[in-house]
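Asker: predicted model and sequence below, questions to follow.
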Amino acid sequence: MTSLIKKNASGHAGDGDANFLINEVVGVSGGIGEGARQARADAFDRWLTGLLPERSGVALIAVGGLGRRQCAPYGDLDLVLLHAGVPGVDELAASLWYPIWDAGLRLDHSVRTVAEALSVAQDDVKVATGLLDARLVAGDAALADSLVRTATDHWRRTAVRQLPGLREITAARWAAHGELAFLLEGDLKEAAGGLRDVGILRAVATAGITDALRPAVRAAHLRLLDTRDALHQQVGRRVDRLLAQERDGVAALLGVRPLPTGGPDGPRRAPDAEPDQPDPVVRDGDVLLRRVAGDARTVRHALDDAFRAADRLRAGRRRGADGRPARRPVARDVVEQDGELVLARTAIGARPDPSLSLRVAAAAAATRLPIARATCEWLAAYCPPLPAPWPAEARAALITLLGAGPGLVPAWETCDRYGLIDGWLPEWTRMRSLPQHNPVHRFTLDRHLVQTAYEAGRHTRDVDRPDLLLLGAFLHDIGKGLPGDHSVVGAPVAEAVVTRIGLPGAEVALIGTLVRLHLLLPDVATRRDLADPKTIAGVAAAVGDTTTLDLLHALVRADAAATGPAAWSDWKGRLVAELVARVRTALDTGALPAPPAPDPALVAGPLPVVHLTDDGVSVAAADRRGLLATVAGCLALHRLEVLSADAATVDGRALVQFRVQPRYGLPPDPIALGADLRRAVTGDVSVIQRLRGRALAARGSGAAPRVVWHREAATDAVLLELRAADAAGLLYRVTCALDDAGAQVRAARISTLGGDVVDAFYLVGGWPDDESRARVEAAVLAAV
């Protein structure tokens, strides 16, 4: 859009003044803010006016952003050529649209009479609300006024009937784009709480249904518009999704100041940073994301209120025999009235019960009914703080709320919007809308915690203490945003919370254990050899008893489901379940697993032996160096991702067994894979050359790799852990390097975290010599 005027329909340059305005105001340097948006609208108006010849019975109408005079730097144009049945209108339309296309602009256009436009609006609620933004740009003012006035009157008369259809469309859009307030990379326009929803609020306000555009909503709208302006300017094109890599640049354009770098304890730690890495200062983009989240919450909550107000108008007020609105008791001190929860009259007194707000929230979650706005405002103003420890009814209400299932998230969000959560949990202020920088996460920290509690509700029948599971799930990441390993620093914070809630000492300690160990099972299952007795003994010693083990297993599954699809897989689930089963046996009987027996099919018959299954590759060949690396290379050639590898020697045969999954979702041709494996393990030069060529081509730049040694993690080996950027053929290159350095790998566990890997290699022998370890480490890093 930096050069919008190229030529008009006659092939000549456009008006010089308009050209100047377009280039100087609408371009990338057009600026951010309400003034810049108005200037862009003025420039478009002048240019478009020059394109429309003087003609009676024709008007050029702007809708959308230009109609509202809220033009983004790289926005599109929504135009209607309105006519009164005059001849030659198609040719006139072409003379308008082609210069716009020639200028490189996105255009949504239509040609209609007033009757046609109103007919479409009657059948399509989106068109009906769009016409509320209609504004004359050029042409017949009386014709334009007829459309705008009639469309507005029609909307005011039919809005209550049309809003259910609009609500269905809106719900489908929300399902597709998610909640802007909780997403780490949300769409500023289409996500729930975004700019599209402000348009619906404007339509509701125009219909006079409720005061939908309160000052807080207007302020949130302006900030979201500014953010989109800055995003367009940062990226240099039309884009509405605020990606993580653009946040800092957008924040700089908006002048968003960073959070304080911390107090006497040093800089505040960014969530999901590696625990053994230096504490980074919180990014400017994090502050922006929290601001966007707050604005999206304001918009979404206002729209929920507006839809409920329309529902009440459509249904009519239900009255009792005394003529008053019908009220239905749903819980102690809570009644339903007009589809919302309000306080019973007996609950409103000079000294309200401190647990009242929690009990109202629990009732809302259990019944899936919204809390009336006036009730939320009263609770925020008059409900006293909870004492420490909490009374039993407050504890029970919190557990009911966390375990309410689908009603939890909306009830929690409503209470958070009115500040009730801060009264229950002062720690919540720090966690609200806090970004998480690990790419597997889809939600901000606060929503992740609530979502984990929701997911934990699916597993409450699998554990002895469902109440502690819900609390542990809700508090498991409470240490994020604090300096240090969030699992370690979060444990005492969680213990302080549940102590204040009123749990006895033993249960407080158990909650601390759940928080401290909530990553233990997935880390061990994906990075350690589960057949090694030392692995099982270490987990059993850390967990201590089967009650804690079951709680951790349920918490792991809930945490993964709340994190996002990249955090879990069927393979990971099987590994964790296998680990839990082995640890349970160790805790119940004290028996540790025996080394697994080799597959009989691999230790008999002529060599080589190749067995392929859906998720496994097993090879037996003559014992020689480099067999593990050769098979790993073949798997990489066929785009298979290795999850684990085991190697053994039986009666002179080398056995290697891999668990794999397709790297891009499609399995390889088993015939071609088997043929390559057989040729490679027998020393076919052509396959070896292909492996080396692919390994060389796969090299690239990335974060600096790192090697960590674990001397006491295995029974008969030392553990070398590689942390590096993921790449095709990485396992082949590393195993080749280990082989060249004289290290024998008996097992490998491959764990992928977003774009990084944590690969663990069990090297046979003690490797006590520092010089030998340094040589192996250097070889591995050189290969990466």
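Answerer: That came through fine.
Asker: every contact and neighbour count from this point should use C-alpha atoms.
Answerer: OK.
Asker: and the closest residue to residue 64 other than its chain neighbours, how far from residue 101?
Answerer: Spatial nearest neighbour of residue 64, chain neighbours left out: residue 78 (5.8 Å); criterion: Cα to Cα, 6 or more residues apart in numbering. Relative to residue 101, residue 78 is positioned 13 Å away (Cα to Cα, to the nearest Å).
Asker: compare the two (neighbour count), which wins?
Answerer: A count of neighbours by other Cα atoms under 10 Å puts residue 78 above the other of residue 78 and residue 101, at 19 against 14.
Asker: A strand includes the more buried one, no?
Answerer: Yes. Assessed by DSSP: H, G, I helix; E, B strand; the rest coil, residue 78 belongs to a strand.
Asker: what sits against it?
Answerer: Residue 78 sits next to 62-66, 107-109 when contact means Cα atoms under 8 Å, 6 or more residues apart in numbering.
Asker: if we go to 7 Å?
Answerer: 62-64, 107-109 (Cα atoms under 7 Å, 6 or more residues apart in numbering).
Asker: show me which of those is closest to residue 191.
Answerer: The shortest gap between residue 191 and any of the contacts of residue 78 belongs to residue 64, at 17.5 Å (Cα to Cα).
Asker: quick check: the closest one touching residue 133?
Answerer: Yes. Here residue 64 reaches residue 133: they are 6.3 Å apart, a contact under Cα atoms under 7 Å.
Asker: which stretches in the stretch 1-150 of the chain count as helices?
Answerer: Applying DSSP state H, counting those that start in this stretch to the stretch 1-150 of the chain gives helices spanning 16-21, 34-51, 64-68, 89-102, 114-123, 125-130, 141-177.
Asker: grab the most central residue of this protein for me.
Answerer: By Cα atoms, centre = their mean, the chain has its centre lying nearest to residue 442, at 1.6 Å.
Asker: what's the spacing between that one and residue 406?
Answerer: Residue 442 sits 19 Å away from residue 406, going by Cα to Cα.
Asker: before we move on, what about residue 488?
Answerer: 31 Å.
Asker: likewise for residue 781?
Answerer: In terms of Cα to Cα, residue 781 sits 48 Å off from residue 406.
Asker: could you do residue 452 as well?
Answerer: For residue 452, the distance to residue 406 - Cα to Cα - is 12 Å.
Asker: the host helix or strand of residue 232: how far from the chain's middle?
Answerer: Here residue 232 sits within helix 215-235, counting by DSSP states H and E. In terms of Cα atoms, centre = their mean, to the nearest Å, the gap separating the centre of helix 215-235 from the centre of its chain is 21 Å.
Asker: now swap in stretch 665-678 and tell me
Answerer: That offset, for stretch 665-678, works out to 36 Å (Cα atoms, centre = their mean).
Asker: now that stretch: buried residues?
Answerer: Buried residues in stretch 665-678, counted by 16 or more other Cα atoms under 10 Å: 668, 673-674, 676-678.
Asker: and the contacts of it?
Answerer: 608, 610, 631, 634, 638, 687.
Asker: neighbour-wise, which of residue 452 and residue 406 wins?
Answerer: Shown here are residue 452 and residue 406; by other Cα under 10 Å, residue 452 has more neighbours (27 against 16).
Asker: just checking, the more buried one touches residue 560?
Answerer: No. Counting by Cα under 7 Å, residue 452 stays clear of residue 560, with 8.2 Å between them.
Asker: first to last residue in stretch 348-361, what's the distance?
Answerer: 16 Å.
Asker: what do you get for stretch 60-74?
Answerer: The first and final residues of stretch 60-74 sit 21 Å from each other (Cα to Cα).
Asker: hmm, who's touching that stretch?
Answerer: So stretch 60-74 is contacted by 1, 26-28, 30, 37-38, 40-41, 77-82, 130-131, 133-139, 229, 232-233, 237-238 (Cα under 7 Å, 6+ apart).
Asker: try stretch 417-433
Answerer: 182, 290, 293, 376-377, 380, 385-386, 415, 444-446.
Asker: kindly recompute the last result at 8 Å.
Answerer: 181-182, 289-290, 293-294, 297-298, 301, 357, 376-377, 379-380, 385-386, 412, 415-416, 444-447, 478, 480-481, 497.
Asker: so of the residues you listed, which ones are in helices?
Answerer: Of the contacts of stretch 417-433, the ones assigned to helices by DSSP state H are 289-290, 293-294, 297-298, 301, 357, 376-377, 379-380, 412, 415-416, 445-447, 497.
Asker: give me the buried entries from those residues.
Answerer: Looks like the ones in helices among the contacts of stretch 417-433 have 289-290, 293-294, 297-298, 301, 357, 376, 379-380, 412, 415-416, 445-447, 497 buried, using 16+ other Cα under 10 Å.
Asker: would you list the buried residues of stretch 665-678 in TSV and tack on pLDDT?
Answerer: Below are those laid out as TSV (pLDDT from 0 to 100):
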residue	pLDDT
668	88
673	91
674	90
676	89
677	90
678	89
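Asker: columns secondary structure and distance to residue 531 on top of those residues, output as a markdown table?
Answerer: Shown next, in a markdown table, are the buried residues of stretch 665-678 (DSSP: H, G, I helix; E, B strand; the rest coil; distance: Cα to Cα, whole Å):
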| residue | secondary structure | distance to residue 531 |
| --- | --- | --- |
| 668 | coil | 29 |
| 673 | helix | 28 |
| 674 | helix | 27 |
| 676 | helix | 30 |
| 677 | helix | 26 |
| 678 | helix | 28 |
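Asker: need these in CSV (columns: distance to residue 757).
Answerer: Below are these laid out as CSV (distance: Cα to Cα, whole Å):
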residue, distance to residue 757
668, 23
673, 25
674, 27
676, 26
677, 25
678, 29
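Asker: sweet, I'm off.
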